[in-house]
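Enquirer: only geometry, no sequence info:
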């Protein structure tokens, strides 16, 4: 009984701490986004930090340019951290995932339930979108096609929607509302960044199982 009590309290404290980290990340993201509207851009504030630590964006840029740039280094460091520690980004730092989680809290999502059994085809949607994003980068390098993979980037979606562009506002609204009805629908079944980090975070786990 005491073990269950301390385990429950430990999990509760961890959840509270995670919520605080999420809230801090959400605030920081929108603070930096607001600063991008200031001209000239403040030199001492890392306004593009979230884009620089985006590991998938770093990989996309490497592919579609065929070159490594120093500003890609934070993104590859993030990939390395996720390989070592697992996919902590989606549940602790992602401003879109965090915003969805907080909205679920605000509407008391746990008090009402919508039964949802995901079809098998939906479970692989984020994988196909990830493949599309990488293929788009490759086609940009080989055929100089316009890069279109950015439309599924959560930071781009948030940033563009906050500028008031109607199409992006509608896209973000669909993501948020669907994820309230069906918890983390976007995160679990659509987001290519989330899928990329999940696959990356499982590399060491699969290696250990194979040993």
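Expert: Thanks, I have the structure now. Here the structure is a predicted model, which is why all the values come from computation and not from measurement.
Enquirer: In contact with the closest residue to residue 90 other than its chain neighbours, which residues are there?
Expert: In this structure, residue 90 finds its nearest non-sequential neighbour in residue 194, 4.9 Å apart by CB to CB, 6 or more residues apart in numbering. Using the backbone N, CA and C atoms, a C-beta is placed for each residue, glycine as well. Taking CB atoms under 8 Å, 6 or more residues apart in numbering as the criterion, residue 194 is in contact with 87, 90, 94, 97, 126, 187, 188.
Enquirer: List the residues that contact the third one.
Expert: Under the criterion of CB under 8 Å, 6+ apart, the contact list for residue 94 reads 25, 154, 187, 193, 194.
Enquirer: any idea how far it lies from residue 141?
Expert: With the distance defined as CB to CB, to the nearest Å, residue 94 ends up 28 Å from residue 141.
Enquirer: Mind checking which of the contacts of residue 194 are buried?
Expert: When neighbours are counted using 16 or more other CB atoms under 10 Å, the contacts of residue 194 contain these buried positions: 87, 90, 94, 97, 126, 187, 188.
Enquirer: Phi, psi for residue 43 please.
Expert: As for residue 43, its main-chain torsions (degrees, to the nearest 10) stand at phi -70, psi -30.
Enquirer: what's the burial count for it?
Expert: The local packing of residue 43 (other CB atoms under 10 Å) involves 7 other residues.
Enquirer: Output the longest helix belonging to the protein.
Expert: Counting residues, the longest helix found in the chain (DSSP state H) is helix 2-35.
Enquirer: Which strands or helices does that helix pack on?
Expert: When contacts are defined as 3 or more CB pairs under 8 Å, 6 or more residues apart in numbering; DSSP states H and E, helix 2-35 sits against helix 49-52, helix 89-92, helix 95-106, helix 154-162.
Enquirer: again, only using 7 Å
Expert: Using 3 or more CB pairs under 7 Å, 6 or more residues apart in numbering; DSSP states H and E as the contact definition, the elements that helix 2-35 packs against are helix 49-52, helix 89-92, helix 95-106.
Enquirer: For residue 84, see how far away residue 176 is.
Expert: 31 Å.
Enquirer: typo on my end, residue 56
Expert: Between residue 56 and residue 84 the distance is 17 Å, computed by CB to CB.
Enquirer: so where's the chain shaky on pLDDT?
Expert: When residues are selected by pLDDT under 70, those of the chain lie in 1-10, 39-41, 108-119, 206-211.
Enquirer: mind running it again at 50?
Expert: Applying pLDDT under 50 to the chain flags the ranges 1-7.
Enquirer: re earlier: who's more crowded, residue 56 and residue 84?
Expert: residue 56 (26 against 10).
Enquirer: quick one: the strand or helix carrying the more buried one to chain centroid distance?
Expert: When secondary structure is defined using DSSP states H and E, the element that contains residue 56 is helix 55-65. Computed by CA atoms, centre = their mean, to the nearest Å, the chain-centroid distance of helix 55-65 equals 16 Å.
Enquirer: Name the surrounding residues that touch it.
Expert: 51, 68, 72, 75-76, 78-79, 82, 133-134, 137-138, 140-141, 147, 149, 153, 192-193, 196-197 (CB atoms under 7 Å, 6 or more residues apart in numbering).
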